[in-house]
Each structure stands twice: as structure tokens, then as C-alpha cells.
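Participant: coords please:
(2 chains)
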Amino acid sequence: MSDIINLNLFELVSNIKDKKVSSNEVTNAYIERSKKSKHLNSYNEETFDDALKKSKEFDSKPNFSKKLPGVPIAVKDLFCTKNVKTTASSKILNNFIPTYESTVTQNLWNEGAILLGKLNCDEFAMGSSNETSYFGNVVSPIDKNLVPGGSSGGSASALAAKLTPTTIGTDTGGSIRQPASFTGTVGLKPTYGSCSRYGIVAFASSLDQAGPMTKNVKDSALMLEVMSSFDNKDSTSIDFKRPSYSKDLSIDIKGKKIGIPKEYRVDGMSEEIEKLWEDGKNYLKNCGAEILDISLPHTKFALPTYYIVAPAEASSNLARYDGVKYGFRTEGKNLIDMYEKTRSEGFGEEVKRRIMIGTYVLSSGYYDAYYLKAQKVRRLIKNDFNDAFQIVDAILTPSTPSSAFKIGEKLNDPVSMYLNDIFTVPVNLAGLPGISIPAGLDRKGYPLGLQIIGKPFDEQNILNIAYSMEDKINFKFDAKDWWMK
Amino acid sequence: MSIDLKTVKHISKLSRISLDEEKAKKLKSDLNSIFKWIEQLNELNTENVEPLSSIAETKLRLRKDEIKSKNIRDEILKNSPDENKDFFVVPKVVE
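Facilitator: A predicted model of the protein is given here:
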């Protein structure tokens, strides 16, 4: 079979089940292509030999009742993988080999998937361009000068370049949806509490969620079905009946009420994004949905709130990297000196900046003015969504305020980099599910995405809406393999 | 409210991240531009708003305090930066 890499996940699974192709052939195809795609820098760690071995084992004793039978998958290097180096793209974890497996990746292997390797990301998932990685920036397969987005940039790049049939990322403020939007792929951030956080390198614990990144909506439904589980090892994991998202997927969204929040029409929004949004509304109308104007009045406060809450939690989570128990260490003249040197040399600039912001807002005398204030505004933002969902079933917005930007373009202006996540961050603050689907190209020919936001645990509904829109949009993009050697 | 160099150095000490003079100055300017932007939150009156610390807002589950992983000392020490097989080793703390 010559075009294995062009199959979507669903097709791949049925081809394996029908014995039209073996796990070993599939694994080989992705490895060969990955080896020729080093220019993209999407892998931190390759586990190709082990993947080939496992694929042969699968083929000798295939279990076709699994949901991902013998499917090779590369994952973001933020998920701990037993006996496979896990770095979070940081120097401080450069030599860390976990002795345990994250729940989400374990769920993939339990359904027959095979690890292909670990994918590059922004250091500790802090970034929107995959330029903060200790292992260098990731290049987008869309164009040689473009960032793939971030923080799950290696995941987006590898998926769009067909180096893995599907992948998983994490999303704290848009880290799945923004890179998906930049690379013409589908990215889903589930409701907070749907996927276990156990074994995921922590960034901001009240916001972090793992989710799928796929070639289409149906694949995301299948991946979510596998990834999502109740887990006693995560104290905020939520016990609810998880539907068979892919089986229950339907394009029937007749009568669904979709909200258009007026506050998302931000200053300086390009005509292209306006038009994309307008087209999105029309697709939904053609599917029989009803479009309603809504208001989310505290939207403009979401980003500044996020840049207090997320760094505060990060400064606390990253306190564990002290050079004592694991990871990188710089020797010092005493214990404190060792801590300070280890952390100064082990963390990159953006991570240090965020630790400092977090430490400042939590420090004596500033806690009430910043951290407590942000927690209160977070409540107002969540209430906005609660009110909106009294009237509508889901909300449609652009995924990002622009298409992908150039490598280096926003690196020296943190606030302008942060503004990229303006449409995705409110969703994390409110703990809601959101999906980004490719919806068109801008005049430079770069992908643009639309985001559908749902009620808590209403993933099935936003998947159905995305599925029906995908059918109408019929997005096509071929990157032409310019990076291959 | 602007953040001065003294405050930056204080935060650096609290964060256990050493900073040279040049980095401290750069960080001072970064932090000031970020906090200037964050200050817009003060436009909002939040006097009677309950802070939201966790989205799950459920009670934390209790579990029995029992040992589930046994004999994993080697695993725990495996990634220790120091070669010692029995302990985590740090620079001398007590003279």
C-alpha cells in the first residue's frame, strides 16, 4: 500500500483491521517519512527501533478488537513515558527518564497504539510559537519561515507533515487549538477533568488539559474516546459517563442554537478573519442551526487574568526543579547556591520570566492585588459563559486573531505573543471544551481555524457541530513536502 | 505601579533563580510592560465576587492511607543527579 501516510486515523484503523496493511508496514512508512523530515525539528526523541519491534509483535499476535490496533503515534514531550526520556523541552529535564507512564498515554497503549517518539514543544508548554524549546524551534510544514504555533508545535508540525497519523497535545491557554489552527489540522481541548493529568509535566494545574490533534473531526472523536477516563491518581479527574464519541458522531445539528459573542470582534481584526467567521455562520445556518448574537462582557480581561493565574501556578509547580531529586544540576558552593545556579541555567528565558511573574503575584503584599483579584475576575469570566449557555448550545469564534506568523517575529515582544491566545484562553479559564477546525486559507495561503466552544462535558455536541461544518467547508491543503530530503 | 530593580532582585531571590545585572535590567523592563498591561483588571469592581480557584469545584476525594507501591526505592533514586544509590545527595548543610 503506497499511500499509507495519506490515510486518516479512521481509515488506517479499518485497513489494519481488514488486514490490507500490517502494523509493521504502517510503522515503517511513518518512520521513513520522519527520517526525511528532520528539517522540521518536530521530534525531541525518536523511539523508532522499539516501535518497529512492537509493530512486529502486534502483527504476530494481532488483536483487532482494540480501538488503535498497532497504530504508531508520536506524542508531545510533556507526557511521561516509562523508560523513554521526557524533557518538556527543557534543559532542566534533559536527562529525565520517567519510571512511570502518564494515564493518557497508557490509555493509548491499552488500545493497541505504539509509541513512535516524543515531539518538541515550547519549554514547559510556555509559548505560542514553539520557539522557547531548549531543542530549538519547530518549523511549520505550511511554509519554511513559519512557526507551527505552540505550545504543541512539534505535535502540529508532525501531524500536518504526516509524520504521525494522529497525535496528542496539552492545552493550558490554547496550546492545542492555536497550533492546530496554524497548521490546518483539528485540535480539541476537552472539559477540565475529562482527561487525567497524571504523568503530564505540570504547568498550570487548574488549566492544563490533554487532548487530541488529528487530521479530521471523526479522528478527534475516536482519540478522545481513548484518552478520556476517570483516574484516581488525578484529584481533579471527574467521574462521569463517557460517551462513545466516534460512534455517536452525527451531522444532524438541526435546531441547535449557536452564539456569536460580540466581544470577540476585537480591534484590528482582519477582514479575512471577519469573513471566515461570517462563512462559519453561513455553514451552520445551512446545516439547520440557529445563529444568535450573545455577549461575554468580561472577554477582554481574560488574558491579563490568565497571565496572573497561569504563572502563579507555574511558579509553584516548577519549584520542584531544584537539582536534588532528578534532572539537571549545577554544583554550587552551598545548597542555596546550587538551587539558584541550577534553576538559572536549567530554565530558559520565558520560563524564568513566568516563574518571576508568578512569584511576584503570590508574594507578600501583592497577593490580594493580583492573585486574588485574578481569581475573582476568573469567576466573572466563567459566569459570562454560564449565562450564555442559558441561551445557546455552543459558541462559534475564530480560533486565532491571525494566521501563523514568522519565526522570530514576536519573540522580543511578550505581550504581543500572549495576545495570540485571546480567543482560546477564556475557554481554559472557564474549564470548557473547545475544538478548532480548519476553515479556510488567508490571502498568503496559510490556514485559518474556527473554534466551537461547548458546555462542560458536552464534547459530543461540539464534535457534531464541527463534523457538520467540516463536511460543508471541505478544507484541503497540501504542503507539497518541500522540507523532505 | 512600577517594578524597580530592587524588587526584581527580591523576586529572583524568592524564586531561587540567580540573575546577573544585565538580565535583571532586561527582566525589569519585561515585567513592567507585562504588568502595565495586567493593570487593566483594576477597571473592574470585584468587591463582592467570590474567587474561583478550581474549575472542578468538587470536594476533594478522600482515600485510605495505604501503601500501594512497594520496594521502589531504586526507581525513585534512578534519576538522582548524584550517583549515590542510597540517598539524594546535596552540598553540606550543617557545619
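Participant: residues in contact with the lengthiest helix in chain B?
Facilitator: Longest helix in chain B by number of residues (criterion: DSSP state H): helix B:21-38. If you take C-beta atoms under 8 Å, 6 or more residues apart in numbering or on different chains as the criterion, helix B:21-38 is touched by A:304, A:307-308, A:352-353, A:356-357, A:360, A:370, A:414-415, B:1-5, B:8-9, B:12, B:19. In this view, the C-beta of every residue, glycine as well, is placed from N, C-alpha and C.
Participant: mind listing what's buried in that helix?
Facilitator: B:23-24, B:27-28, B:30-31, B:34-35, B:37-38 (16 or more other C-beta atoms under 10 Å in any protein chain shown).
Participant: same question for that helix, mean pLDDT?
Facilitator: For helix B:21-38, mean pLDDT is 94.
Participant: Which parts of the helix or strand following that helix count as buried, going by neighbours?
Facilitator: Next helix or strand after helix B:21-38 toward the C-terminus (DSSP states H and E): helix B:73-77. Residues of helix B:73-77 classed as buried by neighbour count (16+ other C-beta under 10 Å): B:Leu77.
Participant: Is any residue of helix B:73-77 near chain A?
Facilitator: Yes. Applying C-beta under 8 Å from any C-beta of the partner chain, one finds that helix B:73-77 is in contact with chain A at B:75-76.
Participant: List of residues touching that helix?
Facilitator: With C-beta under 8 Å, 6+ apart as the test, helix B:73-77 has contacts from A:99, B:84-88.
Participant: Among the contacts of helix B:21-38, name the ones in helices.
Facilitator: Of those, the ones assigned to helices by DSSP H are A:304, A:307-308, A:352-353, A:356-357, A:360, A:414-415, B:5, B:8-9, B:12.
Participant: pull the CA atoms of the helix or strand bottoming out on mean pLDDT in chain A into CSV?
Facilitator: Scoring the helices and strands of chain A by mean pLDDT, DSSP states H and E places helix A:414-418 at the bottom, with a mean of 83. Presented in CSV, the C-alpha positions along helix A:414-418 are these (Å, rounded to 0.1, in the frame of the first residue of the first chain):
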residue,chain,number,x,y,z
PRO,A,414,6.0,39.0,25.2
VAL,A,415,2.7,40.9,25.3
SER,A,416,2.2,40.6,21.5
MET,A,417,3.0,36.9,21.7
TYR,A,418,0.5,36.5,24.6
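Participant: and that helix, what does it pack onto?
Facilitator: Using 3 or more C-beta pairs under 8 Å, 6 or more residues apart in numbering or on different chains; DSSP states H and E as the contact test, the elements touching helix A:414-418 are helix B:21-38.
Participant: Off-centre distance for the helix it packs on?
Facilitator: Centre-to-centre, helix B:21-38 and its host chain are 18 Å apart (C-alpha atoms, centre = their mean, to the nearest Å).
Participant: repeat for stretch B:41-54
Facilitator: Stretch B:41-54 sits 23 Å away from the centroid of its parent chain (C-alpha atoms, centre = their mean).
Participant: State the pLDDT value of the residue lying closest to A:Ser244 once chain neighbours are set aside.
Facilitator: Spatial nearest neighbour of A:Ser244, excluding adjacent residues (C-beta to C-beta, 6 or more residues apart in numbering or on different chains): A:Glu225 at 6.1 Å. On pLDDT, A:Glu225 comes in at 98.
Participant: Tell me which helix or strand comes right after the helix or strand where A:Glu225 lies.
Facilitator: Using DSSP H and E, A:Glu225 sits within helix A:217-227. Remark: after helix A:217-227, the chain's next helix or strand is strand A:257-261, criterion DSSP H and E.
Participant: what's in contact with the helix or strand following that next one?
Facilitator: Sequence-wise, the next helix or strand downstream of strand A:257-261 (DSSP H and E) is helix A:271-286. Applying C-beta under 8 Å, 6+ apart, the contact partners of helix A:271-286 are A:253, A:256, A:258, A:260, A:265, A:291, A:396-398, A:401-403, A:439-440, A:442-443, A:448, A:450, A:465, A:468-469, A:472-473.
Participant: could I have the lowest-mean-pLDDT helix or strand in chain B exported to CSV, CA atoms only?
Facilitator: Within chain B, no helix or strand scores below helix B:73-77, which has a mean of 90 by mean pLDDT, DSSP H and E. What follows is helix B:73-77 as a C-alpha-only set of coordinates in CSV (Å, rounded to 0.1, in the frame of the first residue of the first chain):
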residue,chain,number,x,y,z
ARG,B,73,13.5,2.9,46.2
ASP,B,74,15.7,2.2,43.2
GLU,B,75,13.1,3.6,40.8
ILE,B,76,12.8,6.8,42.9
LEU,B,77,16.6,7.3,43.1
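Participant: Name only those of the contacts of helix A:271-286 that count as buried.
Facilitator: For those, a burial check counting by 16+ other C-beta under 10 Å picks out A:253, A:256, A:258, A:260, A:291, A:396-398, A:401-403, A:439-440, A:442, A:448, A:450, A:465, A:468-469, A:473.
Participant: Do me a favour and get the end-to-end distance for stretch A:311-331?
Facilitator: Across stretch A:311-331, the terminal residues are separated by 27 Å (C-alpha to C-alpha, to the nearest Å).
Participant: close to chain B, is that stretch?
Facilitator: Yes. Stretch A:311-331 reaches chain B (C-beta under 8 Å from any C-beta) through A:315, A:319, A:322-329, A:331.
Participant: can you tell me the average pLDDT over stretch A:60-79?
Facilitator: For stretch A:60-79, the mean pLDDT works out to 98.
Participant: Can you give me the buried ones in it?
Facilitator: Those would be A:62, A:66-79, for stretch A:60-79 by 16+ other C-beta under 10 Å.
Participant: Also stretch A:223-241?
Facilitator: For stretch A:223-241, the buried set under the neighbour-count rule, 16+ other C-beta under 10 Å, comprises A:223-229, A:231, A:234, A:236-238.
Participant: which residues touch the residue nearest to the spatial centre of chain B?
Facilitator: Nearest to the geometric centre of chain B sits B:Ser15, at 6.8 Å (C-alpha atoms, centre = their mean). The contact partners of B:Ser15, by C-beta under 8 Å, 6+ apart, come to A:315, A:343, A:352, A:355-356, A:359.
Participant: And these, which of them are buried?
Facilitator: A:315, A:343, A:352, A:355-356, A:359.
Participant: Looking at these, which is nearest A:Lys410?
Facilitator: The closest of these to A:Lys410 turns out to be A:Lys352 (C-beta to C-beta; 18.2 Å).
Participant: ok, back up a step: now the residue nearest to the centre of chain B. Nearest residue, chain neighbours left out?
Facilitator: Leaving aside its sequence neighbours, B:Ser15 sits nearest to A:Thr359 (C-beta to C-beta, 6+ apart; 4.6 Å).
Participant: and if you look at A:Asp293?
Facilitator: Distances taken as C-beta to C-beta, 6+ apart place A:Ile260 nearest to A:Asp293, at 5.5 Å, with adjacent residues excluded.
Participant: how much space is there between the residue nearest to the spatial centre of chain A and chain B?
Facilitator: For chain A, A:Ile176 is the residue whose C-alpha lies nearest the centre (C-alpha atoms, centre = their mean; 2.0 Å). Separation of A:Ile176 from chain B (C-beta to the nearest C-beta, to the nearest Å) stands at 17 Å.
Participant: and what of A:Val13?
Facilitator: Distance of A:Val13 to chain B, given as C-beta to the nearest C-beta: 33 Å.
Participant: Can you read off the pLDDT for A:Gly327?
Facilitator: The model reports A:Gly327 with a pLDDT of 94.
Participant: could you say which helix or strand contains it?
Facilitator: Per DSSP H and E, A:Gly327 falls between elements, in no helix or strand.
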